[in-house]
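> Would you be able to build a 3D model of this:
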Amino acid sequence: MKTDVLQFLILLVSGLFSVVTGFILDLAITNQSFKSIEGLVALIPALMGLKGNLEITMASRMSTLFNIRYDSVSWKEVTIEIVNDMVLVQSQATVVSIIAAIYIIVTKGLWHTNKIITICTLSILTSNSTCLGLGLLISLIIIATKNFGHDPDDFSGPVASSMGDLVTVLVIICFAFLLKITHKVDELPIEAITAVFFFLILEPILLYLSFKNSTTRHILLYGWTPIIVSMIISETSGLLLEKASHKYKSFILFQPLFNGFIGNCVAIQASRIATSLHRMGDIGTVSHDFDVCVSPYYVFCSKKNVNSRTTCVLIVSAIPCKILFILLITITDFMGTSLLILLYYLLGILGDINAVPIVL
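Here you go, the predicted model:
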(Lines give C-alpha, C1' and ligand atoms only; values in the text may rest on other atoms or scores of the structure.)
Protein backbone atom coordinates (compact mmCIF):
# COMPACT_ATOMS: atom_id res chain seq x y z
CA MET A 1 0.00 0.00 0.00
CA LYS A 2 2.83 2.35 0.81
CA THR A 3 4.38 1.75 -2.62
CA ASP A 4 1.03 2.44 -4.36
CA VAL A 5 0.62 5.79 -2.60
CA LEU A 6 4.22 6.66 -3.39
CA GLN A 7 3.74 5.91 -7.09
CA PHE A 8 0.60 8.08 -7.15
CA LEU A 9 2.44 10.98 -5.49
CA ILE A 10 5.35 10.64 -7.93
CA LEU A 11 2.97 10.85 -10.89
CA LEU A 12 1.19 13.81 -9.32
CA VAL A 13 4.40 15.77 -8.67
CA SER A 14 5.88 14.95 -12.08
CA GLY A 15 2.60 16.02 -13.71
CA LEU A 16 2.75 19.35 -11.88
CA PHE A 17 6.25 19.85 -13.30
CA SER A 18 4.75 19.30 -16.76
CA VAL A 19 2.07 21.92 -16.03
CA VAL A 20 4.73 24.45 -15.04
CA THR A 21 6.67 23.57 -18.20
CA GLY A 22 3.58 24.27 -20.30
CA PHE A 23 3.12 27.75 -18.83
CA ILE A 24 6.80 28.64 -19.27
CA LEU A 25 6.75 27.37 -22.85
CA ASP A 26 3.57 29.34 -23.59
CA LEU A 27 5.09 32.56 -22.23
CA ALA A 28 8.25 32.05 -24.28
CA ILE A 29 6.53 31.23 -27.56
CA THR A 30 4.25 34.27 -27.33
CA ASN A 31 7.31 36.50 -26.92
CA GLN A 32 8.22 38.26 -30.16
CA SER A 33 11.98 37.76 -29.73
CA PHE A 34 11.49 34.02 -29.32
CA LYS A 35 9.14 33.79 -32.30
CA SER A 36 11.59 35.68 -34.49
CA ILE A 37 14.02 32.72 -34.45
CA GLU A 38 12.69 30.63 -37.33
CA GLY A 39 12.38 26.89 -36.69
CA LEU A 40 12.87 27.18 -32.93
CA VAL A 41 9.29 26.22 -32.00
CA ALA A 42 9.53 23.11 -34.18
CA LEU A 43 12.90 22.22 -32.63
CA ILE A 44 11.65 22.26 -29.02
CA PRO A 45 9.74 18.91 -29.05
CA ALA A 46 12.79 17.14 -30.46
CA LEU A 47 15.01 18.53 -27.71
CA MET A 48 12.37 17.69 -25.10
CA GLY A 49 12.19 14.20 -26.61
CA LEU A 50 15.90 13.68 -25.98
CA LYS A 51 15.15 13.10 -22.29
CA GLY A 52 12.89 10.23 -23.33
CA ASN A 53 15.34 8.83 -25.85
CA LEU A 54 18.47 9.17 -23.74
CA GLU A 55 17.94 10.15 -20.09
CA ILE A 56 15.01 7.82 -19.37
CA THR A 57 16.93 4.97 -21.01
CA MET A 58 19.92 5.81 -18.85
CA ALA A 59 17.69 5.97 -15.77
CA SER A 60 16.23 2.54 -16.56
CA ARG A 61 19.69 0.99 -17.06
CA MET A 62 21.00 2.39 -13.79
CA SER A 63 17.85 1.48 -11.83
CA THR A 64 18.10 -2.09 -13.08
CA LEU A 65 21.77 -2.20 -12.11
CA PHE A 66 21.04 -0.95 -8.58
CA ASN A 67 18.11 -3.32 -8.10
CA ILE A 68 20.05 -6.40 -9.21
CA ARG A 69 23.62 -5.78 -8.08
CA TYR A 70 23.33 -3.15 -5.34
CA ASP A 71 24.48 -5.42 -2.52
CA SER A 72 27.36 -6.90 -4.52
CA VAL A 73 29.01 -3.77 -5.95
CA SER A 74 31.31 -1.25 -4.31
CA TRP A 75 30.97 2.53 -4.51
CA LYS A 76 33.93 2.58 -6.88
CA GLU A 77 32.09 0.29 -9.31
CA VAL A 78 28.94 2.39 -8.98
CA THR A 79 30.89 5.54 -9.80
CA ILE A 80 32.47 3.88 -12.83
CA GLU A 81 29.05 2.75 -14.12
CA ILE A 82 27.63 6.25 -13.69
CA VAL A 83 30.56 7.85 -15.55
CA ASN A 84 30.34 5.27 -18.36
CA ASP A 85 26.61 5.89 -18.80
CA MET A 86 27.03 9.66 -18.78
CA VAL A 87 29.82 9.50 -21.37
CA LEU A 88 27.60 7.35 -23.60
CA VAL A 89 24.56 9.65 -23.24
CA GLN A 90 26.67 12.76 -23.85
CA SER A 91 28.11 11.29 -27.06
CA GLN A 92 24.62 10.32 -28.26
CA ALA A 93 23.22 13.76 -27.41
CA THR A 94 25.65 15.58 -29.70
CA VAL A 95 24.94 13.31 -32.68
CA VAL A 96 21.15 13.39 -32.24
CA SER A 97 21.08 17.19 -31.75
CA ILE A 98 22.99 17.68 -35.01
CA ILE A 99 20.54 15.41 -36.87
CA ALA A 100 17.61 17.27 -35.27
CA ALA A 101 19.00 20.62 -36.40
CA ILE A 102 19.58 19.37 -39.95
CA TYR A 103 16.02 18.00 -40.10
CA ILE A 104 14.56 21.39 -39.10
CA ILE A 105 16.83 23.27 -41.53
CA VAL A 106 15.78 21.06 -44.44
CA THR A 107 12.03 20.88 -43.67
CA LYS A 108 11.76 24.61 -42.93
CA GLY A 109 14.06 25.67 -45.76
CA LEU A 110 16.39 27.70 -43.52
CA TRP A 111 19.28 28.13 -45.95
CA HIS A 112 20.55 31.47 -44.67
CA THR A 113 23.95 31.11 -42.95
CA ASN A 114 22.89 32.89 -39.76
CA LYS A 115 19.71 30.83 -39.46
CA ILE A 116 21.64 27.57 -39.90
CA ILE A 117 24.21 28.58 -37.29
CA THR A 118 21.52 29.72 -34.84
CA ILE A 119 19.50 26.48 -35.04
CA CYS A 120 22.60 24.27 -34.83
CA THR A 121 23.98 26.28 -31.91
CA LEU A 122 20.75 26.15 -29.90
CA SER A 123 20.28 22.44 -30.60
CA ILE A 124 23.81 21.36 -29.64
CA LEU A 125 24.20 23.63 -26.60
CA THR A 126 20.76 22.76 -25.19
CA SER A 127 21.09 19.00 -25.64
CA ASN A 128 24.58 18.80 -24.15
CA SER A 129 23.79 21.09 -21.20
CA THR A 130 20.57 19.29 -20.27
CA CYS A 131 22.08 15.82 -20.70
CA LEU A 132 24.95 16.66 -18.36
CA GLY A 133 22.73 18.22 -15.70
CA LEU A 134 20.01 15.56 -15.85
CA GLY A 135 22.55 12.74 -15.87
CA LEU A 136 24.01 13.97 -12.59
CA LEU A 137 20.53 14.54 -11.10
CA ILE A 138 19.28 11.07 -12.07
CA SER A 139 22.38 9.43 -10.62
CA LEU A 140 21.94 11.20 -7.29
CA ILE A 141 18.22 10.35 -7.14
CA ILE A 142 18.82 6.65 -7.84
CA ILE A 143 21.52 6.42 -5.18
CA ALA A 144 19.37 8.29 -2.63
CA THR A 145 16.19 6.27 -3.25
CA LYS A 146 18.04 2.97 -2.99
CA ASN A 147 19.72 4.05 0.25
CA PHE A 148 16.31 4.96 1.71
CA GLY A 149 14.93 1.54 0.78
CA HIS A 150 12.74 2.55 -2.18
CA ASP A 151 12.66 1.16 -5.72
CA PRO A 152 14.61 3.45 -8.12
CA ASP A 153 12.34 2.28 -10.96
CA ASP A 154 9.51 4.31 -9.41
CA PHE A 155 11.53 7.52 -9.18
CA SER A 156 14.17 7.78 -11.89
CA GLY A 157 11.92 7.59 -14.99
CA PRO A 158 9.29 10.18 -14.00
CA VAL A 159 11.97 12.54 -12.69
CA ALA A 160 13.97 12.23 -15.91
CA SER A 161 10.81 12.81 -17.94
CA SER A 162 9.20 15.74 -16.12
CA MET A 163 12.40 17.48 -15.02
CA GLY A 164 13.87 16.85 -18.46
CA ASP A 165 11.06 18.82 -20.11
CA LEU A 166 11.31 21.68 -17.63
CA VAL A 167 15.11 21.93 -17.74
CA THR A 168 15.17 21.69 -21.55
CA VAL A 169 12.64 24.50 -21.97
CA LEU A 170 14.44 26.74 -19.47
CA VAL A 171 17.86 26.13 -21.05
CA ILE A 172 16.73 26.70 -24.64
CA ILE A 173 14.89 29.89 -23.59
CA CYS A 174 18.04 31.18 -21.87
CA PHE A 175 20.28 30.42 -24.86
CA ALA A 176 17.74 31.87 -27.33
CA PHE A 177 17.40 35.16 -25.46
CA LEU A 178 21.16 35.40 -24.93
CA LEU A 179 21.67 35.08 -28.69
CA LYS A 180 19.04 37.74 -29.39
CA ILE A 181 20.32 40.16 -26.73
CA THR A 182 24.06 39.90 -27.36
CA HIS A 183 24.07 39.80 -31.16
CA LYS A 184 22.51 41.76 -33.98
CA VAL A 185 20.46 40.10 -36.71
CA ASP A 186 23.30 39.85 -39.24
CA GLU A 187 26.04 39.25 -36.67
CA LEU A 188 27.56 35.80 -36.11
CA PRO A 189 27.44 34.61 -32.46
CA ILE A 190 31.18 33.95 -32.07
CA GLU A 191 31.00 32.85 -28.41
CA ALA A 192 28.21 30.36 -29.13
CA ILE A 193 30.05 29.02 -32.18
CA THR A 194 33.15 28.51 -30.02
CA ALA A 195 31.11 26.49 -27.50
CA VAL A 196 29.67 24.37 -30.32
CA PHE A 197 33.17 23.65 -31.67
CA PHE A 198 34.21 22.58 -28.17
CA PHE A 199 31.46 19.92 -28.10
CA LEU A 200 32.28 18.84 -31.67
CA ILE A 201 35.96 18.41 -30.78
CA LEU A 202 34.96 16.55 -27.60
CA GLU A 203 32.63 14.18 -29.49
CA PRO A 204 35.30 11.84 -31.00
CA ILE A 205 36.84 11.43 -27.53
CA LEU A 206 33.46 10.52 -26.00
CA LEU A 207 32.72 8.08 -28.83
CA TYR A 208 36.12 6.43 -28.37
CA LEU A 209 35.63 6.07 -24.60
CA SER A 210 32.15 4.59 -25.10
CA PHE A 211 33.44 2.16 -27.71
CA LYS A 212 36.39 1.15 -25.55
CA ASN A 213 34.12 0.26 -22.63
CA SER A 214 32.60 -3.23 -22.92
CA THR A 215 29.35 -2.29 -21.13
CA THR A 216 28.50 0.58 -23.49
CA ARG A 217 30.03 -0.67 -26.77
CA HIS A 218 26.97 -2.68 -27.84
CA ILE A 219 24.61 0.26 -27.18
CA LEU A 220 26.91 2.62 -29.07
CA LEU A 221 27.04 0.33 -32.11
CA TYR A 222 23.46 -0.90 -32.29
CA GLY A 223 21.35 1.56 -30.29
CA TRP A 224 21.06 4.36 -32.84
CA THR A 225 18.02 3.23 -34.84
CA PRO A 226 15.34 3.66 -32.12
CA ILE A 227 16.89 6.95 -31.00
CA ILE A 228 16.98 8.48 -34.49
CA VAL A 229 13.50 7.20 -35.43
CA SER A 230 11.98 8.59 -32.22
CA MET A 231 13.80 11.88 -32.84
CA ILE A 232 12.27 12.15 -36.33
CA ILE A 233 8.83 11.48 -34.83
CA SER A 234 9.43 14.23 -32.26
CA GLU A 235 10.57 16.60 -35.02
CA THR A 236 7.40 15.91 -37.00
CA SER A 237 5.29 16.60 -33.91
CA GLY A 238 7.24 19.85 -33.53
CA LEU A 239 6.20 20.98 -37.00
CA LEU A 240 2.58 20.17 -36.12
CA LEU A 241 2.96 22.02 -32.82
CA GLU A 242 4.19 25.11 -34.64
CA LYS A 243 1.08 25.15 -36.85
CA ALA A 244 -1.31 24.33 -33.99
CA SER A 245 0.10 27.10 -31.80
CA HIS A 246 -1.08 29.68 -34.34
CA LYS A 247 -4.61 28.28 -34.52
CA TYR A 248 -5.27 27.29 -30.89
CA LYS A 249 -4.17 29.78 -28.27
CA SER A 250 -4.00 27.33 -25.35
CA PHE A 251 -2.47 24.36 -27.20
CA ILE A 252 1.05 25.06 -25.95
CA LEU A 253 -0.12 24.90 -22.32
CA PHE A 254 -1.17 21.28 -22.77
CA GLN A 255 1.72 20.09 -24.96
CA PRO A 256 4.04 18.93 -22.13
CA LEU A 257 1.10 17.06 -20.55
CA PHE A 258 0.08 15.49 -23.86
CA ASN A 259 3.49 13.90 -24.11
CA GLY A 260 4.72 13.91 -20.53
CA PHE A 261 2.17 12.14 -18.35
CA ILE A 262 1.96 8.89 -20.29
CA GLY A 263 5.75 9.05 -20.59
CA ASN A 264 5.97 9.08 -16.80
CA CYS A 265 3.65 6.07 -16.52
CA VAL A 266 5.45 4.06 -19.17
CA ALA A 267 8.84 5.01 -17.71
CA ILE A 268 7.89 3.39 -14.39
CA GLN A 269 6.37 0.30 -15.99
CA ALA A 270 9.08 -0.23 -18.62
CA SER A 271 11.85 0.15 -16.06
CA ARG A 272 10.18 -2.36 -13.74
CA ILE A 273 9.71 -4.86 -16.58
CA ALA A 274 13.34 -4.44 -17.63
CA THR A 275 14.45 -5.18 -14.07
CA SER A 276 12.20 -8.27 -13.97
CA LEU A 277 13.63 -9.58 -17.24
CA HIS A 278 17.20 -9.08 -16.06
CA ARG A 279 16.41 -11.02 -12.90
CA MET A 280 15.15 -13.95 -15.00
CA GLY A 281 18.46 -14.41 -16.81
CA ASP A 282 21.32 -12.90 -18.75
CA ILE A 283 20.87 -10.66 -21.80
CA GLY A 284 19.83 -12.75 -24.80
CA THR A 285 18.19 -15.48 -22.72
CA VAL A 286 14.57 -15.70 -21.57
CA SER A 287 13.18 -18.00 -18.89
CA HIS A 288 10.94 -20.85 -20.04
CA ASP A 289 8.25 -19.52 -17.68
CA PHE A 290 8.11 -16.21 -19.55
CA ASP A 291 5.22 -15.81 -22.02
CA VAL A 292 5.35 -13.19 -24.74
CA CYS A 293 1.59 -13.25 -25.39
CA VAL A 294 -0.43 -12.94 -22.20
CA SER A 295 -4.08 -12.43 -21.31
CA PRO A 296 -5.57 -9.22 -19.84
CA TYR A 297 -6.11 -11.15 -16.61
CA TYR A 298 -2.36 -11.81 -16.39
CA VAL A 299 -1.58 -8.14 -17.10
CA PHE A 300 -3.88 -6.70 -14.45
CA CYS A 301 -4.74 -9.39 -11.89
CA SER A 302 -2.37 -12.36 -11.92
CA LYS A 303 -0.20 -12.87 -8.86
CA LYS A 304 2.42 -14.45 -11.13
CA ASN A 305 2.96 -11.07 -12.77
CA VAL A 306 5.03 -9.01 -10.34
CA ASN A 307 4.12 -5.81 -12.22
CA SER A 308 0.32 -6.27 -12.35
CA ARG A 309 -0.32 -4.16 -9.25
CA THR A 310 1.82 -1.34 -10.65
CA THR A 311 -0.17 -1.47 -13.90
CA CYS A 312 -3.46 -1.05 -12.03
CA VAL A 313 -2.08 1.77 -9.87
CA LEU A 314 -0.86 3.69 -12.92
CA ILE A 315 -4.17 3.32 -14.73
CA VAL A 316 -6.26 4.29 -11.70
CA SER A 317 -3.98 7.28 -11.06
CA ALA A 318 -4.25 8.59 -14.62
CA ILE A 319 -7.84 9.88 -14.55
CA PRO A 320 -7.85 11.90 -11.27
CA CYS A 321 -4.39 13.32 -12.00
CA LYS A 322 -5.33 14.49 -15.48
CA ILE A 323 -8.65 15.99 -14.36
CA LEU A 324 -6.73 17.90 -11.69
CA PHE A 325 -4.23 19.15 -14.27
CA ILE A 326 -7.02 20.25 -16.64
CA LEU A 327 -8.67 22.25 -13.87
CA LEU A 328 -5.36 23.73 -12.78
CA ILE A 329 -4.40 24.87 -16.28
CA THR A 330 -7.88 26.16 -17.09
CA ILE A 331 -8.26 28.16 -13.87
CA THR A 332 -4.74 29.55 -14.03
CA ASP A 333 -5.26 30.55 -17.65
CA PHE A 334 -8.37 32.56 -16.54
CA MET A 335 -10.76 30.21 -18.27
CA GLY A 336 -9.30 31.05 -21.65
CA THR A 337 -8.68 27.45 -22.64
CA SER A 338 -10.38 26.34 -25.82
CA LEU A 339 -13.14 23.75 -25.30
CA LEU A 340 -11.83 21.88 -28.34
CA ILE A 341 -8.39 21.53 -26.72
CA LEU A 342 -10.02 20.25 -23.52
CA LEU A 343 -11.96 17.67 -25.55
CA TYR A 344 -8.78 16.48 -27.27
CA TYR A 345 -7.04 16.22 -23.93
CA LEU A 346 -9.89 14.24 -22.31
CA LEU A 347 -9.86 11.84 -25.26
CA GLY A 348 -6.11 11.58 -24.81
CA ILE A 349 -6.69 10.18 -21.32
CA LEU A 350 -8.31 7.10 -22.85
CA GLY A 351 -5.34 6.67 -25.18
CA ASP A 352 -2.91 7.01 -22.29
CA ILE A 353 -4.77 4.43 -20.19
CA ASN A 354 -4.76 1.95 -23.06
CA ALA A 355 -1.08 2.57 -23.78
CA VAL A 356 0.28 1.66 -20.35
CA PRO A 357 -0.37 -2.12 -20.51
CA ILE A 358 1.03 -2.30 -24.07
CA VAL A 359 4.57 -2.09 -22.73
CA LEU A 360 3.98 -5.47 -21.10
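
> Give the burial count for Tyr103, as a bare number.
For Tyr103, the neighbour count with other Cβ atoms under 10 Å is 24. The C-beta positions use only the backbone N, C-alpha and C, and glycine is treated the same way.

> How much space separates the closest residue to it other than its chain neighbours from Ala101?
Distances taken as Cβ to Cβ, 6 or more residues apart in numbering place Glu235 nearest to Tyr103, at 4.8 Å, with adjacent residues excluded. Using Cβ to Cβ, to the nearest Å, Glu235 is found at 10 Å from Ala101.

> Looking at those two, which one has more neighbours?
Neighbours per residue, other Cβ under 10 Å: of Glu235 and Ala101, the larger number sits with Ala101, 26 against 22.

> helices and strands around the host helix or strand of that one, which ones?
Element membership for Ala101, per DSSP states H and E: helix 75-108. The elements that helix 75-108 packs onto, with contact taken as 3 or more Cβ pairs under 8 Å, 6 or more residues apart in numbering; DSSP states H and E, are helix 40-50, helix 56-69, helix 113-147, helix 190-212, helix 214-222, helix 224-247.

> what's the pLDDT at Leu340?
Confidence at Leu340, expressed as pLDDT, is 48.

> meant to ask about Gly263
Note on Gly263: pLDDT of 73.

> My guess is it contacts Ala160. True?
No - counting by Cβ atoms under 8 Å, Gly263 stays clear of Ala160, with 9.3 Å between them.

> Could you name every residue contacting both of these two?
Ile56 (Cβ atoms under 8 Å, 6 or more residues apart in numbering).

> buried sites along stretch 37-53?
By 16 or more other Cβ atoms under 10 Å, the buried positions in stretch 37-53 come out as 37-53.

> May I have the phi/psi pair for Val13?
Main-chain dihedrals, Val13, degrees, to the nearest 10: phi -70, psi -40.

> OK, contacts around Ile232?
Counted by Cβ under 8 Å, 6+ apart, Ile232 has contacts Tyr103.

> and the gap between it and Val19?
28 Å.

> coming back round to it: helix 56-69 and the helix holding Ala101, what's the angle between them?
Per axes from the mean of the first three to the mean of the last three Cα atoms, to 10 degrees, the angle that helix 75-108 makes with helix 56-69 is 160 degrees.

> Could you list the buried residues of helix 75-108?
Buried, per 16+ other Cβ under 10 Å, within helix 75-108: 78, 81-82, 84-101, 103-105, 108.

> ok, now how distant is the residue found closest to Leu200 once you drop the neighbours it is linked to in the chain from Ile119?
Distance criterion Cβ to Cβ, 6+ apart; nearest residue to Leu200, sequence neighbours excluded, is Thr94 at 7.3 Å. Distance from Thr94 to Ile119, counting by Cβ to Cβ: 15 Å.

> swap in Thr236?
Counting by Cβ to Cβ, the gap from Thr236 to Ile119 is 16 Å.

> more crowded one of these two?
Applying other Cβ under 10 Å to Thr236 and Ile119 shows that Ile119 carries more neighbours, namely 24 against 15.

> Please report how far that one lies from Ala195.
Following Cβ to Cβ, the distance that separates Ile119 from Ala195 is 15 Å.

> before we move on, what about Val95?
From Val95 to Ala195 the distance is 17 Å (Cβ to Cβ).

> from the helices and strands packed on helix 75-108, which stretch is densest packed?
Of all the helices and strands packed on helix 75-108, helix 40-50 has the most neighbours on average by mean count of other Cβ atoms under 10 Å, namely a mean of 26.

> what's the overlap in contacts for Glu235 and Ala101?
In contact with both Glu235 and Ala101: Leu43, using Cβ under 8 Å, 6+ apart.

> List the contacts of Leu179.
Counting by Cβ under 8 Å, 6+ apart, Leu179 touches 37, 118, 121-122, 189, 192.

> Now do the helix or strand containing it and helix 113-147, the angle between them.
Here Leu179 sits within helix 152-182, counting by DSSP H and E. Calculated by the same axes, to 10 degrees, helix 152-182 forms an angle of 150 degrees with helix 113-147.

> Where does pLDDT dip in the stretch 201-350 of the chain?
249-250, 280-292, 299, 332-350 (pLDDT under 70).

> and with 50 instead?
Applying pLDDT under 50 to the stretch 201-350 of the chain flags residues 335, 337, 339-340, 350.
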